[in-house]
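**Student:** Would you be able to build a 3D model of this:
(2 chains)
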Amino acid sequence: MDQLAQQLVNGLAWGSIYALIALGYTMVYGVLRLINFAHGDVYMIGAMSAFYFAHWLGLADAPSLFGFVVVMGLAMLTCALLGALIERAAYRPLRRQPRWAMLTTAIGVSMLLEYGGQALFGPDPKFFPQLIASAPALRLGGAVVTNIDLLIFGVSLALMLGLRWLVYGTRVGMALRAVSVNVDAASLMGINVNTIIAMTFMIGSALAAAAGAMVGLRNPKIEPLMGLMPGIKAFVAAVLGGIGNFPGAVAGGLLMGVTETLVAAYISSTYRDAVAFVILIAVLLVRPAGLFGTVTVEKV
Amino acid sequence: MIRRNLPLLAVLLALWPLGLGLERVLNGYYLQIAVLIGINIILAASLNLINGVTGQFSLGHAGFLAVGAYVSAFTSLALGLTSSVLLPLPLLVGGTAAALAGLAVGVPTLRLRGDYLAIATLGFGEIIRVIILNTNAVGGARGLGGIPTLAGFGAVFACAVLCVVALWRLVYSPRGSAFFAIREDEVAAAAMGIDTTRHKILAFTIGAFWAGVAGGLLAHFIGYLHTNSFTFLRSVEIVVMVVLGGLGSLTGCILAAAILTILPEALRFGAEYRMVIYALLLIAIMLTRPSGLMGGREILPWRSWSSTPAR
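**Tutor:** Coordinates of the predicted model:
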């Protein structure tokens, strides 16, 4: 029982990370109908840039919550700029081209970030500085919740609520929703589609960077290929929830994190990676547009 | 029938001594690249039938490659094959197993559309890989070694030629037009009386069969298999070949398969920046030729090859 509770806490922590990455996938998919393969690697860049900022600013030697917030903020800013750059250079020129062209450049960008990361940062794992010393913060039914877990839950929740406010409570968010419904109509209504799409990439990338920085605290080993599997799983989570659907991405991410951790703990860790997909396929067979997605009827 | 296929037969027979000759002339490194080009041509051409011609975006081709590789290797090992004359047997067994896997995956997933299909096939590819990884009879995490290396340049290119010709005949036949029709508009195709589900499953099964044959060739060329060679990235690699060639263009994806196999080797001078250059080139090519190298058209050496013009 204690173990189950502990695994649930671990699963929810990973689930929050997946959810943050999945939100970026869902946002980009909403406006561009693009599976942004490079998104998992943006998460890697987030962790890497947080690592370098921590060392450059000398915060690695003086652990503090404030230091972590500064580092995370800088990583988010870096990735926001990177996201905008990727969109401008690799995706915008292809917006009116066949969809699979953009998908292929996305794969190219993903490879560029991975191999570029290996060339730049070196292929060996780095150890993320412990900006916050891990300590048990509270006990819930026999499970130990560390302060890092609490930080992950708190930051994720704050970012999600912030995103919710942005998307549903501001004019910019209204424009974003309009673009995801119909790009051309939105453009006719005077919405600057280019700005909105660039902004979508910036927000999504910043969320992934926050996830990357927080993963650095929990699992300090970071390396240039660390974005590969979480990237795929977060995408699966986004599809599971119904791609383009914000609450769906969060629910999918949490579900993914929890089931994966439970399977690794109780069945076998080698099946861990397959289970995500088994759930996905099972859900898609029953609900072809994901848990919260709406099926659109194709018209001729 | 025989007269029509005479040139093909001649090409296949010519590959035999050519392959033996090349194996003497070329050093192992170039020969290996040549063989990998042949295997990648089969993979790209077969995925082109699914992704390019029928428009059903699959991201799980590596799964079928893995099924073919492991089943054919297992067949060879179980039967103790040592003669390369008997190579077609494990290849056929591997191809058939992959086709069955394709059928099993295709029937439930082909109801899904677009990105949902892509992600479901990706999922099946990974599931297949994890199942193999946990099957001790084929080595599991240790990998499967000691496979007789029966496949050489001749066998690989004979299969590649057979595969391309078979797919060409299929795609540019009346039935082939049905595949193109499904790609262009599934609803309209169904309205014209095309059994879309049947054709989609057919394309998927045939594509999986050839992926399985490619897997068998790979197993009998390298002699060792490990599930790490069949990850999602391998599927992506094949998809990139098809898109780069120009979706639907058989000759285009042959060209792309050759280019993308040679490119990482040709870039070896760049040392650790080699794959960075590769990625940049890939992006640059897609930005300058968004419809792929051939943009869905074919390179036609002589006209009578195709009665239906490629789009």
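
**Student:** Got the phi and psi for A:Val132?
**Tutor:** Actually, residue A:132 is Ile rather than Val. phi -130, psi 120 (degrees, to the nearest 10).

**Student:** Return the residues in contact with residue 292.
**Tutor:** Chain wasn't specified; assuming chain A. A:Gly241, A:Gly242, A:Asn245, A:Pro247, A:Gly248, A:Ala251 (C-beta atoms under 8 Å, 6 or more residues apart in numbering or on different chains). In this view, the C-beta of every residue, glycine as well, is placed from N, C-alpha and C.

**Student:** Please refer instead to chain B.
**Tutor:** Taking C-beta under 8 Å, 6+ apart as the test, what B:Gly292 contacts is A:Ala101, B:Val243, B:Leu244, B:Gly245, B:Gly246, B:Leu247, B:Ser249, B:Gly252, B:Ala256.

**Student:** List the residues that contact the fifth one.
**Tutor:** The one in question is B:Gly246. B:Gly52, B:Gly252, B:Cys253, B:Ser291, B:Gly292, B:Leu293, B:Met294, B:Gly295, B:Gly296, B:Arg297.

**Student:** what do you get for the second one?
**Tutor:** Counting by C-beta under 8 Å, 6+ apart, B:Val243 makes contact with A:Trp100, A:Ala101, A:Leu103, A:Thr104, B:Asn51, B:Met286, B:Gly292.

**Student:** part of a helix, is it?
**Tutor:** Yes. Secondary structure of B:Val243 (DSSP: H, G, I helix; E, B strand; the rest coil): part of a helix.

**Student:** which residue sits closest to it, ignoring its sequence neighbours?
**Tutor:** A:Thr104 (4.4 Å; C-beta to C-beta, 6 or more residues apart in numbering or on different chains).

**Student:** Show me which residues of the helix or strand hosting that neighbour are buried.
**Tutor:** Per DSSP states H and E: A:Thr104 is located in helix A:99-121. In terms of neighbour count (16 or more other C-beta atoms under 10 Å in any protein chain shown), helix A:99-121 has its buried residues at A:100-119, A:121.

**Student:** Packing partners of that helix?
**Tutor:** helix A:39-56, helix B:232-245, helix B:274-288 (3 or more C-beta pairs under 8 Å, 6 or more residues apart in numbering or on different chains; DSSP states H and E).

**Student:** Any chance of a markdown table for those helices, columns mean pLDDT?
**Tutor:** Listed next are the helices and strands packed on helix A:99-121 as a markdown table, based on pLDDT from 0 to 100:
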| stretch | mean pLDDT |
| --- | --- |
| helix A:39-56 | 94 |
| helix B:232-245 | 89 |
| helix B:274-288 | 88 |
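
**Student:** nearest to B:Val71, of these?
**Tutor:** helix B:232-245 (17.1 Å; C-beta to C-beta).

**Student:** What residues of that closest one count as buried?
**Tutor:** B:232, B:234-245.

**Student:** likewise stretch A:197-214?
**Tutor:** So for stretch A:197-214, counting by 16+ other C-beta under 10 Å, buried means A:197-214.

**Student:** For chain A, which segments count as strands?
**Tutor:** Per DSSP state E, chain A carries strands over the ranges A:126-127, A:136-140, A:143-146, A:221-222.

**Student:** residues making contact with the last one?
**Tutor:** In this case it means strand A:221-222. Counting by C-beta under 8 Å, 6+ apart, A:Met44, A:Ala47, A:Met48, A:Phe51, A:Pro125, A:Lys126, A:Phe127, A:Phe128, A:Val215, A:Gly216 sit against strand A:221-222.

**Student:** Among those residues, the buried ones, what's the PyMOL command?
**Tutor:** Selecting only the buried entries of these in PyMOL, with 16+ other C-beta under 10 Å as the criterion:
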select buried, chain A and resi 44+47+48+51+126+128+215+216
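
**Student:** Of the contacts of strand A:221-222, which is the nearest to chain B?
**Tutor:** For the contacts of strand A:221-222, the residue nearest chain B by C-beta to the nearest C-beta is A:Met44; the value is 14.6 Å.

**Student:** any idea how far that closest one is from A:Gly252?
**Tutor:** 21 Å (C-beta to C-beta, to the nearest Å).

**Student:** Same question for B:Thr231.
**Tutor:** From B:Thr231 over to A:Gly252 (counting by C-beta to C-beta), the distance is 22 Å.

**Student:** same check, this time on A:Arg96
**Tutor:** 31 Å.

**Student:** what's the angle between the helix or strand containing B:Tyr116 and helix A:99-121?
**Tutor:** Taking DSSP H and E as the definition, B:Tyr116 sits inside helix B:114-133. Inter-element angle recorded for helix B:114-133 and helix A:99-121: 50 degrees (by axes from the mean of the first three to the mean of the last three C-alpha atoms, to 10 degrees).

**Student:** Does helix B:114-133 reach chain A?
**Tutor:** Yes. Judged by C-beta under 8 Å from any C-beta of the partner chain, helix B:114-133 comes into contact with chain A at B:115-116, B:118-120, B:122-124, B:126-127, B:129-131, B:133.

**Student:** mind listing the helices for the chain?
**Tutor:** As the question left the chain open, I've gone with chain A. A:2-32, A:39-56, A:65-86, A:99-121, A:147-169, A:171-181, A:183-188, A:193-218, A:228-241, A:246-266, A:272-286 (DSSP state H).

**Student:** think we crossed wires, I meant chain B
**Tutor:** B:6-25, B:28-47, B:61-79, B:88-109, B:114-133, B:153-171, B:174-184, B:186-191, B:196-222, B:232-245, B:250-266, B:274-288.

**Student:** Can you pull out the residues in contact with the first one?
**Tutor:** Applying C-beta under 8 Å, 6+ apart, the set of residues contacting helix B:6-25 from outside is B:Leu31, B:Ala34, B:Gly152, B:Phe153, B:Gly154, B:Ala155, B:Phe157, B:Ala158, B:Val161, B:Leu162, B:Val165.

**Student:** Number of residues surrounding A:Val70?
**Tutor:** 17 (other C-beta atoms under 10 Å in any protein chain shown).

**Student:** okay, which residue of chain B is out on the far edge from center?
**Tutor:** Most distant residue from the mean C-alpha position of chain B: B:Ala191, 31.2 Å away (C-alpha atoms, centre = their mean).

**Student:** Please read off the pLDDT at A:Tyr266 from the model.
**Tutor:** A:Tyr266 is assigned a pLDDT of 86 by the prediction.

**Student:** Distance check, the one residue sitting closest to the centre of chain B against B:Leu167.
**Tutor:** With distances taken as C-alpha atoms, centre = their mean, the residue of chain B nearest its centroid is B:Leu43 (1.1 Å). Counting by C-beta to C-beta, the gap from B:Leu43 to B:Leu167 is 12 Å.

**Student:** Are there residues contacting both of those two? Which ones?
**Tutor:** B:Trp210.

**Student:** now the closest residue to B:Gly123 other than its chain neighbours: how far from B:Arg24?
**Tutor:** The spatially closest residue to B:Gly123, leaving aside those adjacent along the chain, is A:Phe277, at 3.3 Å (C-beta to C-beta, 6+ apart). The gap separating A:Phe277 from B:Arg24 is 46 Å, by C-beta to C-beta.
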